[in-house]
Structures are given as structure tokens and as C-alpha cells.
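> Sharing a model that was predicted from the sequence below.
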Amino acid sequence: MKSLSRILERRYHDQDWPHIDVPADADAVGDAIVARVNRTSALWQMFGFLCDAVLLGTDGGARYCEEVPVAHLHEAAARGEFGDLAGYFAVTLEYGADHDQVDPFDVTVTRTPQRDTGGLDARYLHPVVRQFLPDGTGKPVAEHHLTENLENEWDDPDVHVGPLASFLASRLSAGDGLPAGGSSAAPRP
């Protein structure tokens, strides 16, 4: 209901989506993402459908918006409803591929160790950060998966915070939100 209300407020009353201004640097954006994924219930309940958005303005600023429907984000960004954007990140909680094929109580199932930051074959719910251009295609130019954590605490400096900061630094290095180094998005099975 909150998201629908915000969409209608924008459409009929020209109200901006509520946001928090954050410095457009990797540490500040990363801290905002980590703080939010560790306390959100909306992204948990509407995994893959709702996202938090980090909007990177052409003026070099960044805004953090909570609980935006993913499809709406892409369409609204392309229409300019979030202002003049150089790019944006969408932060979702998602299950990995074939998560529903594994019995969550089967201890014999091989899982990626929770301290492993390579490969990220996560089946359990985990944060995913994708970078997009405001072109309306909804195709990511880069993505980063935070390592799953069965306690749903994604705040380990070495396993979660550091790799996320490195990803964001590589993506923000040009200072304009456009693709800049780092790994490009790979199709997910």
C-alpha cells in the first residue's frame, strides 16, 4: 500500500518519492544499503518485487529511496519521474536459482560456506545490488550478490561490507553513475 500511495502521489500531486540524500561515494552508499537490508521487512516479504533504489543524479548527488516496485523503478526512471539520472542501483532480496528444489532442513545438501565471497552460489535469501541506466530497458549493466547468511545478518566487514564497497567503488569510479569498470552483469540461470 505504501508504494501504491507514493506512485499515486507522484502521478496526481507531483510529489517526489520520499528519500534520504547520501554522498555519492562507495562507503556512504554501501553503509546505507547494509543498514537497510539488515532491518527491512518489506524487501523480505516482497522479495524480488520491491527494491530500494539508489538514484545517481546527473548533478553528482545520490538519493536513497525505500520500497519501490522494481518494474515501476525502471519505467519511472526512463520517464524522468525521479529527476535527471545518470544511473541507479536497485537493491533487492532474492533467493538463488532452484532454491525451491532443495529441502531447507536437509543438512546433507552442499551449501556455499557463509564466509565464501567467491562464486556466490547462494540458494538462500540474500541481497542483490544491480546497476542500471535510465533507458527503460531494465537490463542491468552490473550486479553484485552479497553472500548469503542463514541468520540474515549481512554486516560482516570481510564477507559483506568490504566486497560491496569494492563493487560500488568500481561502479562509481567515474563519478557519474555510468558504467565504469568492475564486472558486468552475467545472465542468471
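Nice, thanks for sending it over.
> Tell me where the chain has helices.
2-13, 26-37, 42-45, 70-79, 162-172 (DSSP state H).
> what would the ones you listed look like in CSV with distance to Gly138, mean neighbour count and mean pLDDT?
(Glycine included, C-beta is placed from N, CA and C.) Compiled in CSV, the helices of the chain are given as follows (distance: least, Cβ to Cβ, whole Å; neighbours: other Cβ atoms under 10 Å; pLDDT from 0 to 100):
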stretch, distance to Gly138, mean neighbour count, mean pLDDT
helix 2-13, 17, 13, 90
helix 26-37, 20, 19, 96
helix 42-45, 18, 16, 92
helix 70-79, 4, 18, 95
helix 162-172, 17, 20, 94
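> now for those helices, which one comes closest to Leu93?
helix 42-45 (4.6 Å; Cβ to Cβ).
> coming back round to it: rebuild the helices of the chain as a markdown table, extending it with distance to Arg63.
As requested, the helices of the chain are exported to a markdown table (distance: least, Cβ to Cβ, whole Å):
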| stretch | distance to Arg63 |
| --- | --- |
| helix 2-13 | 14 |
| helix 26-37 | 10 |
| helix 42-45 | 18 |
| helix 70-79 | 12 |
| helix 162-172 | 14 |
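> between those, which one is nearest to Pro127?
helix 26-37 (4.5 Å).
> what's around Val54, how many residues?
Counted with other Cβ atoms under 10 Å, residues neighbouring Val54 total 28.
> quick one on the thing from earlier: compare the helices of the chain and give me the one nearest His126.
Here helix 26-37 is closest among the helices of the chain (Cβ to Cβ), at 8.9 Å.
> which residues in the chain form strands?
20-22, 50-57, 62-69, 85-94, 126-132, 142-145 (DSSP state E).
> who touches the nearest residue to Ala76 once chain neighbours are set aside in this structure?
Nearest residue to Ala76 in three dimensions, chain neighbours excluded: Phe82, at 5.9 Å (Cβ to Cβ, 6 or more residues apart in numbering). Residues near Phe82 by Cβ atoms under 8 Å, 6 or more residues apart in numbering: 17, 53, 55, 63, 65, 73, 76, 88, 134.
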